[in-house]
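# Got a predicted structure here, sequence first:
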Amino acid sequence: MKILVVEDEVKAAAYLRKGLTEEGYQVEVAHSGVDGLHMASVNEYDLVILDWMLPGIDGMAVLSALRHTRSVPVLMLTARGQIEDRVRGLQGGADDYLVKPFAFSELVARIQVLLRRASGSRGDGETLLLRVADLEVDTVRRKATRAGQRLELTPKEFSLLILLLRRKGHVLSRTEIAAQVWDMNFDSETNVVEVAIRRLRSKLDQPFDRPLLHTVRGMGYVIEERP
Amino acid sequence: MNALSTTAPSLRSRLSRQFALQTKLGLSVACGAVYLVISLTLASRQDDTLLQKRATVQRLLNEAGEVHDIPGIKHLLSDFLTGHDDLSLVVNQQDGTAVFDKNDRSRPEAMTKRLAFEVRLPDELGGAGRAELIYDISKDESLLQRLWWTLLTAAVVGTFAVSATGFVLVKRGLAPLNALARRTSELDASRLDQRLDATGQPEEVQSLLLQFNALLDRLHAAYVQMEAFNADVAHELNNPLSILIGTCDVALRRPRSGPELHDTLASNLEELRRIAGIVADMLFLSHAERGVAARRSSPMSMADLAAEVIDYYEAVLEESGLRVEVRGDVRAAVDTGLVRRALSNLLGNATRYATLGSMIEVRISRIDPRHVSIGVHNCGEVIAGEHLPRLFDRFYRIDPSRTNANRNHGLGLAIVAAIARMHGGKATAESSDQGTYIGFTLEDVDTQGGSDISRGSAS
């Protein structure tokens, strides 16, 4: 999977390259809108990550020029947290947007969604039976069992568990969890997510030897089997 | 004044010019009227004189026919004309033969007024004839001419005189304005406490001065608030920044193991998230401050909206043994995302300060057909009156050394107030030993407020 990153800030471009390469993508970087447009027109990419604020021609201009020739998925990065900008970006042909500053895990999640959408496959997003180690969750019958034991979960705990399982191995930030499970699309000053995780953990992990739900300090939470 | 003249003529020159124009017009009308009246009066007096003399001449000739011969008649007529230098008489027989002719032919025709009439003559002169009275009006004409020149001179001189005094008067009248401009220019932009002195100023200028001072007051307040705000922002950001610098510094002083560095980075990330949170909230507030209005969706139940937020807090509420009840419901067209956020901030606030195991109420009601009130009531410590109005200020904390300052950077209620403003409402706070109520009003643009449902649902 080849990704083009159009980002003028050298440090930002460097960490994006590093992080995405480690996620297994082939990454190429353009530091200006002109370079980015040229590279995107000449080479084939599976995805373009486009910064809004670029010197010379800005992201919107690059996007509209690019849309004449290519239908590659474009993820816009914007520093302006304004709804108007987001709407404009999406109308201008961007497939998704992300407001700076963002969690890297969030970026990876968005990229996966866009790539999946582009390749037409539904991926494991719709899997009915989710499994990790001895945990098994039936998303249709809304039943969760661990080591054969039924877990009594509230509806929200169930949604939270499914979200973590669908993205197993990926760290989810508190903000993302709040948005996905409760539709709260803003940074909350509360510890709601922490408490919800703690309660889920008390049912999911506490009665068993090996914990599956892990806290990644400063980043968020992940479900995975750790040795 | 010179600087102003590029945009509009100065008040002084404009007023003076209009003054002069007015004077000229007024004097012209007055002088014209005087001239007209006098010339009409003179003309009618001339006509009267002629008519009167005609009657005299006719009477003389009627009577004379009986007693006098022709020389006698001539004598009689000469007698009649004696003492009337300005009057001449010509009497002709029917066939045109002159009976009496005392006309000064040197008089210009224009300076005379004539009146012809039939007269009776003695029978030897044909019995009938024509007479003509010639009235010399040159004296009247020259009088009129003198009057004309006098009036014209008076009008011109008067116009100049009045204009000149008008100019001086206008200048004197506008002096307070000039003084005001001078004093305004003396105000120092860096000293916001200076005000203009309104005492002893004319009424018109005084209201301007008061307005100006009020404007300065508002500017001053806004400036002070901005200064304080800047200081607060700097202070809030300073804390996490100093932690970041410190931990990085310490980490780099010695060779560290991987897990140790990992820990440092994770800790740093937490601090950075905190900074990012503050910045995001401030961006939101500045966005709201710029007067962006809410994007309203179609009317929906506010109780449903509250239930969603309560659902979000479910775990936290249960941990603290708190119960939540929604009282009342209203259907309103609001920006659901924003109202949800405001409610979340209020509920988060309430869960932090509510007495353990107590009841929290979400109160929803319609104040009037156009306004909706939404708020959260919780039992807990009474907030002193002096803090209440300031609760919605950015970064305002009742207790500056609060322990959980880590998570709450003091913008939550400011955001509530901003969301209320974006909906044309305002935030309110009350506190007594009955509990604390913090809420906001919203302007409901949808006017069909009849569909309110009254219900209470416990959660």
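Structure's in. What do you need?
# CA atoms only: put stretch A:135-145 into CSV for me.
C-alpha atoms of stretch A:135-145 as CSV (Å, rounded to 0.1, in the frame of the first residue of the first chain):
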residue,chain,number,x,y,z
LEU,A,135,-12.8,-14.2,24.7
GLU,A,136,-15.6,-14.7,22.2
VAL,A,137,-18.3,-12.1,21.2
ASP,A,138,-21.3,-12.7,19.1
THR,A,139,-22.3,-9.3,17.7
VAL,A,140,-25.7,-10.5,16.5
ARG,A,141,-26.9,-12.1,19.6
ARG,A,142,-25.0,-9.6,21.7
LYS,A,143,-23.5,-12.3,23.8
ALA,A,144,-20.0,-12.3,25.2
THR,A,145,-18.2,-15.3,26.8
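# ok, and what's touching that stretch?
A:127-131, A:146, A:150-151, A:153, A:155, A:158, A:161-162, A:165, A:204, A:212 (Cβ atoms under 8 Å, 6 or more residues apart in numbering or on different chains). Where C-beta positions appear, they are placed from N, C-alpha and C, glycine not excepted.
# how about the strands in chain A?
A:2-6, A:26-30, A:47-51, A:74-78, A:96-99, A:129-132, A:135-138, A:143-146, A:149-150, A:213-216, A:220-223 (DSSP state E).
# Now render these as a markdown table, adding mean neighbour count.
Formatted as a markdown table, those follow (neighbours: other Cβ atoms under 10 Å in any protein chain shown):
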| stretch | mean neighbour count |
| --- | --- |
| strand A:2-6 | 23 |
| strand A:26-30 | 18 |
| strand A:47-51 | 26 |
| strand A:74-78 | 24 |
| strand A:96-99 | 18 |
| strand A:129-132 | 14 |
| strand A:135-138 | 19 |
| strand A:143-146 | 17 |
| strand A:149-150 | 10 |
| strand A:213-216 | 16 |
| strand A:220-223 | 22 |
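# now these as TSV including mean pLDDT?
Compiled in TSV, the strands of chain A are given as follows (pLDDT from 0 to 100):
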stretch	mean pLDDT
strand A:2-6	94
strand A:26-30	93
strand A:47-51	92
strand A:74-78	88
strand A:96-99	84
strand A:129-132	86
strand A:135-138	89
strand A:143-146	90
strand A:149-150	90
strand A:213-216	91
strand A:220-223	92
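# of those, which approaches B:Leu241 most closely?
Of all these, strand A:96-99 sits nearest to B:Leu241, with 21.9 Å by Cβ to Cβ.
# so what does the closest one touch, helix or strand wise?
strand A:74-78, helix A:83-91, helix A:104-119 (3 or more Cβ pairs under 8 Å, 6 or more residues apart in numbering or on different chains; DSSP states H and E).
# what about 6 Å?
Under the contact criterion of 3 or more Cβ pairs under 6 Å, 6 or more residues apart in numbering or on different chains; DSSP states H and E, strand A:96-99 touches strand A:74-78.
# okay, the angle between the strand it packs on and strand A:2-6?
30 degrees (axes from the mean of the first three to the mean of the last three Cα atoms, to 10 degrees).
# Now do strand A:74-78 against strand A:47-51, angle only.
Using the same axes, to 10 degrees: strand A:74-78 against strand A:47-51 is 20 degrees.
# Could you confirm whether strand A:74-78 reaches chain B?
No. Using Cβ under 6 Å from any Cβ of the partner chain, strand A:74-78 stays clear of chain B, coming no nearer than 11.7 Å.
# CA atoms only for that strand, dumped as PDB, please.
Presented in PDB, the C-alpha positions along strand A:74-78 are these (Å, rounded to 0.1, in the frame of the first residue of the first chain):
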ATOM      1  CA  VAL A  74      -7.700  11.900   0.000                       C
ATOM      2  CA  LEU A  75      -7.400  12.500   3.800                       C
ATOM      3  CA  MET A  76      -7.200  16.200   4.600                       C
ATOM      4  CA  LEU A  77      -5.300  17.400   7.600                       C
ATOM      5  CA  THR A  78      -6.500  20.800   8.900                       C
END
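# Surely B:Val326 is within a strand?
Yes. Per DSSP: H, G, I helix; E, B strand; the rest coil, B:Val326 lies within a strand segment.
# Next one: it, what pLDDT does it get?
Reading off the confidence values, B:Val326 has pLDDT 95.
# Just name the closest of the contacts of stretch A:135-145 to chain B, please.
A:Pro155 (9.0 Å; Cβ to the nearest Cβ).
# Run a quick neighbour tally on the closest one.
10 (other Cβ atoms under 10 Å in any protein chain shown).
# any idea how far the closest residue to it other than its chain neighbours is from A:Glu28?
The shortest distance from A:Pro155 to any non-neighbouring residue, by Cβ to Cβ, 6 or more residues apart in numbering or on different chains, is to A:Arg142 (8.0 Å). Note on A:Arg142: its distance to A:Glu28, by Cβ to Cβ, to the nearest Å, is 44 Å.
# With B:Val57 instead?
On the measure of Cβ to Cβ, B:Val57 and A:Glu28 end up 130 Å apart.
# and if you look at B:Asp263?
From B:Asp263 to A:Glu28 the distance is 34 Å (Cβ to Cβ).
# repeat for A:Ser105
Distance from A:Ser105 to A:Glu28, by Cβ to Cβ: 22 Å.
# and what of B:Ala222?
49 Å.
# Could you report the neighbour count for the nearest residue to A:Val10 once chain neighbours are set aside?
Leaving aside its chain neighbours, A:Val10 sits nearest to A:His31 (7.1 Å; criterion: Cβ to Cβ, 6+ apart). For A:His31, the count of nearby residues is 17 (other Cβ under 10 Å).
# so A:His31 touches A:Glu9, yeah?
No. Taking contacts as Cβ atoms under 6 Å, A:His31 lies outside contact range of A:Glu9: 8.6 Å.
# Tell me which helix or strand in chain A has the weakest average pLDDT.
Least confident helix or strand, chain A: helix A:83-91 with a mean of 62, by mean pLDDT, DSSP states H and E.
# Contact partners for B:Leu215?
Counting by Cβ atoms under 6 Å, 6 or more residues apart in numbering or on different chains, B:Leu215 touches no other residue.
# So it, which state does it fall into?
Relying on three-state DSSP, one would call B:Leu215 helix.
# next one: B:Glu118
B:Glu118 ends up strand, using three-state DSSP.
# Repeat that for B:Val362.
strand.
# ok, now which ones touch B:Ala116?
Per Cβ under 6 Å, 6+ apart, neighbours of B:Ala116: B:Glu132.
# quick one: it from B:Val91, how far?
Taken as Cβ to Cβ, the span from B:Ala116 to B:Val91 is 11 Å.
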